[in-house]
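Engineer: compute the structure for the input listed below.
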Amino acid sequence: MSDTITRTRRDGGFPATTATAIVPSMAINVIGRFEVTVDQEPQKVVGNLQRLLLALLILRAPQWTSPDVLSEALWPDSSAGAESRLHLHIHRLRARLGTGTIESGPDGYRLDAPHDTVDVWRFERAVGDVLADHFRGRADTELLRRLEDAVQLWVGAPFPGVEHPDVTAERYRLEEMYLLAQETRFAHLLDRGEHEAVLEVLAPVASEHRTRESLQTLWMTALHRAGRRSEAIEVFDAAREALAVLDLEPDRELLAARAMVLEQPAAQRGGTARDAAPSVELDEGEIRRDLAQPGAPELTLRARRRLARVLAMKGRFDEALELFGQIEAQYRARSQEDDEATALGDLAAVVSVTGDLSRALRYLDEAEQLEERTTSTDAFLRLLRALLLTHSGRIEQAAEILREVPRPPDEPVPSSSEPAAQLAAMWWRVRSQVDRRRGATGPAVAAARRAFHLAARREPQLDPGPMLVELASSLRDAGDEECFEWFHRAIQDAHHAGRLPMAACAHAALAKAQLLWGEPENALLHGREALSIARRTGCWGYAGRAAKRIADAAVALSDPMRAAWYYCEALSFYRRVEYPLLPQVRVELEQLVASSCGFLEATSLHGMDRRLPPLQS
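Structural biologist: Numbers count the residues shown, from 1 in each chain. Below is the predicted model of the structure:
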C-alpha cells in the first residue's frame, strides 16, 4: 500500500515544494528501540552504523548534511574509502525506508518524511503543544488527558545504543522534555486532590531519578497529603544520599518539603487526644444522631443550623448552603424575622468564604431590611458586613461600623452568654483587620490577641481558627517572627479538625510571611498547599490569593514561566467570583498578567522543537 504525499514544512522547518512523491506507508521508531515499519511490517534497524546514520539524519532534518560531515561521524578514525562506504549505507537505509525518504542533492543528504512518521517528532510536537497550553494557564481535564497521551509515547531512552556527542545531547534534551511533562502531569493530579492516584504513577518515575529534586519534592508532597509521613522522610533521605554521591546538598525547595512534612498536625505526629483540637467530625456525628431523634421543630432547626456550620467549616459548601437555605425559608414562612436575619447572616458568612463577597453583601442587605431585629443580631450582622468590607478594601466604611457598634467590655463577664462572647470576639477581629490595613500593626496585634483569647475561652462553642490566622497575620505584618508559631498552630489545628477552608487560608497567609522573610521555596510549597485545598473546596478567593503567592515566589526564584502561569490563574480565580479587588490591586495584577502573556508568546514551547547546531566536520 502506498500514499501520495505533498512535501510540507515540519514545525516550520521543511521547505515548501509543489512536487509530490510516492512513498510506502511508513513509521520510524527510535524511542526505546530502532524499528522501521513499512506497509505494517516492522523491521529492526540492525548495525551500529545504520542506526547512527538514521539518528543523525533525524536530528538534522530538514537540513541538508554534507557527505564529509556524515563520513566523519561514522568513521572518525579512517577517511579511506569513506565516500563509497557512505553511499553503500545510504543505499541500504533507503531500501529499508522506501524510495524518496532520503533525498540526495548538491548539499548532501536529508531525511524528508511526514511529521507523523517519526515517533520522536510526534513526541516533541505533543509535549510542546500541551506544555504551551499549560503555561498559558489551562488546567482542565482535557489538558491532563493530553499530558497522559504525550508521556505514553515515551517507551525508553531515544536512539538506544548510539553514542555520538550530538545524539547524546539530543537524547538528554528529549528526556528533559519527558520529565517536564511528567512533572506537570503530577502537579495537575496533586492540584485535583488525587494523591493516591498520583503516587501510583509518580513513584516509579521519581525512584529512577533520585537526584532530580523537583520530582522528589512532588513525591514527598503526595505522600505528605496522603498522611504517609514516614515514607516521605524516607524519600528525602534517599534523595540526600544520591545527591551526596555527586557532592551536592539538597536544594532549598527539597529542604522546605521536608520541613513541611515534619510540621504535621498532632494526630499525624502521634500526639495524644488532649493535645488535639476539638474534632469537627465528632461534632457532625453527634449532631446527626440528635437529628435522628424525635424532637421539637425549633430544636431540630437549631441542630440543622449547627450541622450546616460544621459542613461549611469542612468546605462542604453545597450541603451547607442547602441547609441554610431551607432554614431561612422556614423562618420566613413563620415570619420569625430575627431568626430569618440570622440565617441570612449565616448564608453571607458561608458564601464569603468561597470568595463571592458581592453575593454575601447582598444577603446582608436583605437581612438588614428586616424589621424588629434584636440588638445582638443587628450588631452581629453589622460586624459581619464590616469584616467583608475589610476584605474588599473598604477600610473606612468598616471603621465607621466599628464606631457605631459598642465596644465590648475589657474584662469578660464569666456568666456572659455565647452570643455575647461571639460578638466580642468578632468586634476585636474586625478591629485588628482595620488597624492592620491602616498600617497600625501594634494595635492590630493587641486586638487580634484579644479576639483569640475570647474565642479560645469558649472553645469548642466558638471557632478560634479565624482568630488564630488573624493573630498570625497581624504579627507577620508587624515583622514579628512569632507569627510563624501561630501560623503553624493554625495549620495544624485546621488539618486535624478537617477545616479545609481555614487550612487554605492559613497556608496562603503563611506563604506571604515566607516571602517577606526571604524564603520563596517555603512560600512556593505553602502556596501550592493552599491552592490545592482551595480548588477542591471551591474557595476561589483563597485560590486567587494562593496563586498570586506562588507567582511571587516564582519571580523570586527566577522562574518566569511559572510566575506567568500563576499570575494568569490568580486573575482567573478572582474573576470567577467577581472578587472586589482594590482598583490599584486589580490594575497591578492585570499588568502582571499582560506582561506574562507577552512573555509566554515570546517563549512559546514550540521553541523546544529547535534543532541542534550543525555537526562540525
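Engineer: and residue 43, how far from residue 59?
Structural biologist: Note on residue 43: its distance to residue 59, by Cβ to Cβ, to the nearest Å, is 21 Å. In short, each C-beta sits where N, CA and C put it, glycine included.
Engineer: residue 355 now?
Structural biologist: 50 Å.
Engineer: residue 43 and residue 59 - which one has more neighbours?
Structural biologist: Using other Cβ atoms under 10 Å as the criterion, residue 43 and residue 59 rank with residue 59 on top: 20 against 12.
Engineer: what's the next secondary structure element after the one helix or strand residue 341 maps to?
Structural biologist: Assigned by DSSP states H and E, residue 341 belongs to helix 337-353. Downstream of helix 337-353, the first helix or strand assigned by DSSP H and E is helix 357-369.
Engineer: which elements pack onto that next one?
Structural biologist: helix 337-353, helix 375-391 (3 or more Cβ pairs under 8 Å, 6 or more residues apart in numbering; DSSP states H and E).
Engineer: let's see 10 Å
Structural biologist: The contact analysis (3 or more Cβ pairs under 10 Å, 6 or more residues apart in numbering; DSSP states H and E) places helix 357-369 against helix 317-333, helix 337-353, helix 375-391.
Engineer: so can I have CSV of these showing mean pLDDT, distance to residue 525 and mean neighbour count?
Structural biologist: Putting the helices and strands packed on helix 357-369 into CSV (pLDDT from 0 to 100; distance: least, Cβ to Cβ, whole Å; neighbours: other Cβ atoms under 10 Å) gives the following:
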stretch, mean pLDDT, distance to residue 525, mean neighbour count
helix 317-333, 87, 26, 17
helix 337-353, 86, 23, 23
helix 375-391, 81, 25, 20
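Engineer: distance to residue 53 added to those helices, as CSV?
Structural biologist: Formatted as CSV, those follow (distance: least, Cβ to Cβ, whole Å):
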stretch, distance to residue 53
helix 317-333, 62
helix 337-353, 64
helix 375-391, 66
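Engineer: quick one: average pLDDT of stretch 363-374?
Structural biologist: The pLDDT scores in stretch 363-374 average 73.
Engineer: repeat for stretch 41-52
Structural biologist: Stretch 41-52 comes out with an average pLDDT of 77.
Engineer: mind listing what's buried in that stretch?
Structural biologist: 45, 49-52 (16 or more other Cβ atoms under 10 Å).
Engineer: do stretch 430-441 as well
Structural biologist: 430-437, 440-441.
Engineer: pull the most distant pair out of these.
Structural biologist: With distance counted by Cβ to Cβ, no two of these lie farther apart than 430 and 441, which are 16.1 Å apart.
Engineer: quick one on the thing from earlier: make a markdown table from the buried residues of stretch 41-52 and add distance to residue 110 to it.
Structural biologist: Formatted as a markdown table, the buried residues of stretch 41-52 follow (distance: Cβ to Cβ, whole Å):
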| residue | distance to residue 110 |
| --- | --- |
| 45 | 18 |
| 49 | 18 |
| 50 | 17 |
| 51 | 18 |
| 52 | 16 |
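Engineer: ok so residue 173 is a helix residue?
Structural biologist: Yes. Applying DSSP: H, G, I helix; E, B strand; the rest coil, one finds residue 173 inside a helix.
Engineer: how's the protein carved up into domains?
Structural biologist: For the chain, automatic domain parsing gives the domain ranges 2-119, 523-617.
Engineer: show me what residue 36 is bridged to.
Structural biologist: Assessed by DSSP bridges, residue 36 has beta-bridge partners residue 28, residue 43.
Engineer: give me the neighbour count for it.
Structural biologist: Neighbours of residue 36 under the rule other Cβ under 10 Å: 21.
Engineer: can you tell me how far it is from residue 129?
Structural biologist: Using Cβ to Cβ, one gets 26 Å for the distance from residue 36 to residue 129.
Engineer: in a strand, that's where residue 46 is, yeah?
Structural biologist: No. When three-state DSSP is applied, residue 46 is found to be coil, with no strand at that position.
Engineer: buried residues of stretch 572-586, list them for me.
Structural biologist: Buried, per 16+ other Cβ under 10 Å, within stretch 572-586: 572-574, 576-577, 579-581.
Engineer: show me where pLDDT drops low in the stretch 101-250 of the chain?
Structural biologist: 135-140 (pLDDT under 70).
Engineer: quick check on residue 61: phi, psi?
Structural biologist: The phi/psi pair for residue 61 (degrees, to the nearest 10) reads phi -60, psi 140.
Engineer: which strands or helices does the helix holding residue 341 pack on?
Structural biologist: Applying 3+ Cβ pairs under 10 Å, 6+ apart, we find helix 337-353 packed against helix 297-313, helix 317-333, helix 357-369, helix 375-391, helix 500-516, helix 540-556.
Engineer: find the nearest non-adjacent residue to residue 540, please.
Structural biologist: The spatially closest residue to residue 540, leaving aside those adjacent along the chain, is residue 355, at 4.2 Å (Cβ to Cβ, 6 or more residues apart in numbering).
Engineer: residue 52 versus that neighbour, what's the distance?
Structural biologist: Distance from residue 355 to residue 52, by Cβ to Cβ: 58 Å.
Engineer: what do you get for residue 227?
Structural biologist: The value you get for residue 227 to residue 52, if Cβ to Cβ is used, is 50 Å.
Engineer: ok, residue 64 next?
Structural biologist: Using Cβ to Cβ, we find residue 64 at a distance of 18 Å from residue 52.
Engineer: so the residue lying closest to residue 475 once chain neighbours are set aside is in which element?
Structural biologist: Among residues not flanking residue 475 along the chain, residue 483 sits closest, at 3.7 Å (Cβ to Cβ, 6+ apart). Using DSSP H and E, residue 483 sits in helix 482-497.
Engineer: of the buried residues of stretch 430-441, which is the nearest to residue 368?
Structural biologist: Among the buried residues of stretch 430-441, residue 430 lies closest to residue 368 (Cβ to Cβ), at 16.7 Å.
Engineer: with that, I have no additional questions.
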